[in-house]
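Engineer: What would the 3D arrangement of this be:
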Amino acid sequence: MYELFVLGELMTGEKHGYMLQEVLKKAVGLGRKISSGTLYPLLSRMTENGWITLREEEETKGGRTKKIYGITASGQDRFRQLMAEPFDAPDAEAQNTLRLKMVYFQYVDREARLACLKQYLRLLEQNLKHVSQFEADLIAYKPEPEKQRVQLLRVFDHRKRLGEVEARWIKDEIERIKERQEE
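Structural biologist: Residues are numbered from 1 along each chain as shown. From the prediction side, this is the model:
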């Protein structure tokens, strides 16, 4: 996910490492942070792979060197490859990856956007089916203790409702993209 983020951000233009770190902190949401110890080794690997370039500038305040990163043609290819990669499972990581991909939809064609959304929708529908089946089993077999079973049914109701809302939004987004002629 971080590789996709870095390449996606660099598709918008050059950025220095600190700016990438700050934008990523805001993009992934509360409770999830990327440390310098994670970001800078990733940037080094991406530079070694030829996906990004590194240019150093001297900062005026404090005389520290500012590292500016840019994307290469190979990095743009890698970005498009990551945008086309399927999701592994309907989990929080897939949801975060979808959100990042959607931010960068402007850099891929319409078919890539639709494929991404449709594949994510299939995962949501599989998850909804799984939750509904487990819920039906709980209702049919009535395992004990009853208080726990009842609460577990409430949890599944919550998961189903969230999944249904998310699936509806994804379906609407697919239709919106299909209807837009200029893309």
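Engineer: Can you list the neighbours in contact with the helix or strand of the chain with the lowest mean pLDDT?
Structural biologist: Every helix and strand of the chain was ranked by mean pLDDT, DSSP states H and E. The lowest is helix 17-28, at a mean of 82. If you take C-beta atoms under 8 Å, 6 or more residues apart in numbering as the criterion, helix 17-28 is touched by 2, 5-6, 9, 15, 33-34, 36, 39-40, 43, 67, 69, 96, 99-100, 103. Every residue, glycine included, has its C-beta placed from N, CA and C.
Engineer: Of the residues you listed, grab the buried ones for ChimeraX.
Structural biologist: Here is the ChimeraX command that selects the buried residues among the contacts of helix 17-28 (16 or more other C-beta atoms under 10 Å):
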select :2,5,6,9,15,34,39,43,67,69,96,100
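Engineer: Pull out the buried positions in the lengthiest helix in the chain.
Structural biologist: Once the chain is assigned using DSSP state H, the helix that runs over the most residues is helix 146-179. The neighbour-count criterion (16+ other C-beta under 10 Å) identifies Phe156, Arg159, Gly163, Glu166, Ala167, Ile170, Glu173, Ile174 as the buried residues of helix 146-179.
Engineer: for that helix, what is the average pLDDT?
Structural biologist: The predicted model assigns helix 146-179 a mean pLDDT of 94.
Engineer: Skip the chain neighbours and tell me the closest residue to Ala89.
Structural biologist: Leu123 (7.0 Å; C-beta to C-beta, 6 or more residues apart in numbering).
Engineer: repeat for Ile174
Structural biologist: Spatially, and ignoring its direct neighbours in sequence, Ile174 is nearest to Leu117 (5.1 Å; C-beta to C-beta, 6+ apart).
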